[in-house]
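Undergrad: Could you work out the structure for the sequence below:
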Amino acid sequence: MIKTCSEFSRGDMKVYAGASRMDVNESISLANYAWEQGLDGVMIISPYYFPLDDEAIFDFYSTIASQTPAHIFIYTSRREPGTAYHQRFVYDWQINIPILLV
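TA: Okay, the predicted model is just below:
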């Protein structure tokens with residue numbers, strides 16, 4: 001799907017690929033592949049199978065951000081426990097890792 005999307009003329013439209021995986025290394029691989037294909041970035045939800053505290057979620061995203069040039073949209077879902085972030089941490093995340101929040 002990423003390859004197919006990269007082949008179409010987009011004009012000014014930004015295209016982001018979903019790169020959410022429960023394994024951080026798989027998310028990194030997908031993010032890098034999307035970037036190599038010319039997409040504008042990736043949308044990633046944190047692992048939700050097991051509840052994570054804010055520090056673990058921060059570590060997940062900062063690990064990805066440190067290993068890809070792709071722009072990262074952090075996706076949250078009220079339907080997936082453990083993916084909603086405390087507002088007080090969002091500010092720190094934006095200072096410490098280059099992300100865009102949704």
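
Undergrad: neighbours around the residue lying closest to D40 once chain neighbours are set aside, how many?
TA: Excluding its sequence neighbours, the residue lying closest to D40 (CB to CB, 6 or more residues apart in numbering) is K14, at 4.4 Å. In this view, the C-beta of every residue, glycine as well, is placed from N, C-alpha and C. By other CB atoms under 10 Å, the residues close to K14 number 9.

Undergrad: So K14 versus I72, what's the distance?
TA: 13 Å (CB to CB, to the nearest Å).

Undergrad: Mind listing the shared neighbours of these two?
TA: G41 (CB atoms under 8 Å, 6 or more residues apart in numbering).

Undergrad: re the thing from before, pretty sure the residue nearest to D40 is in contact with V42, am I right?
TA: No. Between K14 and V42 there is no contact under CB atoms under 8 Å: 11.7 Å.

Undergrad: Let's test this: mean pLDDT of stretch 33-48, rounded?
TA: Mean pLDDT, stretch 33-48: 89.

Undergrad: which residues sit against it?
TA: 2-3, 5-6, 14-20, 22, 27, 30-31, 52, 57, 60-61, 64, 68-77, 80-83, 100, 102.
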